[in-house]
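**Q** I need the structure of the sequence given here:
(2 chains)
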Amino acid sequence: QKEVEQNSGPLSVPEGAIASLNCTYSDRGSQSFFWYRQYSGKSPELIMFIYSNGDKEDGRFTAQLNKASQYVSLLIRDSQPSDSATYLCARSGGYQKVTFGTGTKLQVIP
Amino acid sequence: DAGITQSPRYKITETGRQVTLMCHQTWSHSYMFWYRQDLGHGLRLIYYSAAADITDKGEVPDGYVVSRSKTENFPLTLESATRSQTSVYFCASSERTGQSLEYEQYFGPGTRLTVT
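**A** Sure thing, here's the model as predicted:
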């Protein structure tokens, strides 16, 4: 079982809709998680991190962490075509080492 | 604010040759990382460094060598390149976030390496 698992997609949503991206992890001791966005041919950029159960909101983005069920999600409200990218879920390990999922490709259809 | 840079951005080399990928950051971040990104595997950690002269292996270190004599530089060397090392290589540096004990990682633009 991979440490961090994501559905590769693509996930297609119409413009203006809510995009829901999910990630599961295997290590129950995991404390913190990151969401990165990666445009095609570009490097990953950090958009959210979450380290406690519940929701964390930042603009149109909401990260949700459920440690009991071992999943992390990212909601993008009012999706825009510019949100079309691959979203990487990452788990923070010891010594600042981060384990990444393989990413979910999001397509926002105008 | 240059941030983190990588050179070269594109490289084609032949099997068996030695090649060095350069990474430079201007933030004085203590931690630096090298990842490779391949379809179906995502980002995998090759090596990381906690400070100058302190390095450690990641998930896929075989065939790679790193050094860190200065805080701002973290070169990655492929001693004898193989076709399986064809990949996109990302360097990253990290610093603690203002809200927790966690470290945010900032990525360079990447180097696309092809081994023929």
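
**Q** leaving out chain neighbours, which residue sits closest to B:Thr5?
**A** Residue nearest to B:Thr5 in three dimensions, not counting chain neighbours: B:His24, with 5.1 Å by Cβ to Cβ, 6 or more residues apart in numbering or on different chains. (C-beta placed from N, C-alpha, C; glycine too.)

**Q** typo on my end, B:Asp56
**A** Sequence neighbours aside, B:Tyr48 is the residue nearest to B:Asp56 in space, at 6.0 Å (criterion: Cβ to Cβ, 6+ apart).

**Q** just to revisit the earlier point, which residues touch the residue nearest to B:Thr5?
**A** Residues near B:His24 by Cβ atoms under 8 Å, 6 or more residues apart in numbering or on different chains: B:Ala2, B:Ile4, B:Thr5, B:Gln6, B:Ser7, B:Glu72, B:Asn73.

**Q** go with 6 Å
**A** Counting by Cβ atoms under 6 Å, 6 or more residues apart in numbering or on different chains, B:His24 makes contact with B:Thr5, B:Glu72, B:Asn73.

**Q** buried subset of the residues you listed as a PyMOL selection?
**A** Of those, the buried ones go into a single PyMOL selection, burial set by 16 or more other Cβ atoms under 10 Å in any protein chain shown:
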select buried, chain B and resi 72
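
**Q** want to try TSV for the contacts of B:His24, with distance to A:Ala85 and secondary structure as columns?
**A** Putting the contacts of B:His24 into TSV (distance: Cβ to Cβ, whole Å; DSSP: H, G, I helix; E, B strand; the rest coil) gives the following:
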residue	distance to A:Ala85	secondary structure
B:Thr5	22	strand
B:Glu72	29	coil
B:Asn73	30	strand
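
**Q** for the contacts of B:His24, which one is nearest chain A?
**A** Closest approach between those and chain A, by Cβ to the nearest Cβ: B:Thr5, at 11.2 Å.

**Q** pLDDT wise, what is the closest one at?
**A** The per-residue pLDDT reported for B:Thr5 equals 96.

**Q** one more: B:Gly98?
**A** With respect to pLDDT, B:Gly98 has a value of 58.

**Q** now the one 10 residues further on
**A** pLDDT, B:Gly108: 96.

**Q** where are the low-confidence patches of the chain?
**A** I'll assume chain A. The model of chain A has pLDDT under 70 over residues A:1, A:94-95.

**Q** wait, I meant chain B there
**A** Residues of chain B meeting the criterion pLDDT under 70: B:1-2, B:96-102.

**Q** residue nearest the centroid of it?
**A** Nearest to the geometric centre of chain B sits B:Trp34, at 2.5 Å (Cα atoms, centre = their mean).

**Q** tell me the SS of it?
**A** Here B:Trp34 is recorded as strand under DSSP: H, G, I helix; E, B strand; the rest coil.

**Q** ok, B:Ser7 - contacts?
**A** Counting by Cβ under 6 Å, 6+ apart, B:Ser7 touches B:Met22.

**Q** beta partners of it?
**A** Note on B:Ser7: beta-bridge partners B:Met22, judged by DSSP bridges.

**Q** pull the number of nearby residues for residue 103.
**A** With no chain named, the answer covers chain A. When neighbours are counted by other Cβ atoms under 10 Å in any protein chain shown, A:Gly103 registers 25.

**Q** other chain: chain B
**A** Counted with other Cβ under 10 Å, B:Tyr103 comes out at 21.

**Q** what residues does chain B put near chain A?
**A** Within chain B, the positions adjacent to chain A are B:Tyr31, B:Gly42, B:Leu43, B:Phe90, B:Ser94, B:Ser100, B:Glu102, B:Tyr103, B:Glu104, B:Phe107, B:Pro109, B:Gly110 by Cβ under 6 Å from any Cβ of the partner chain.
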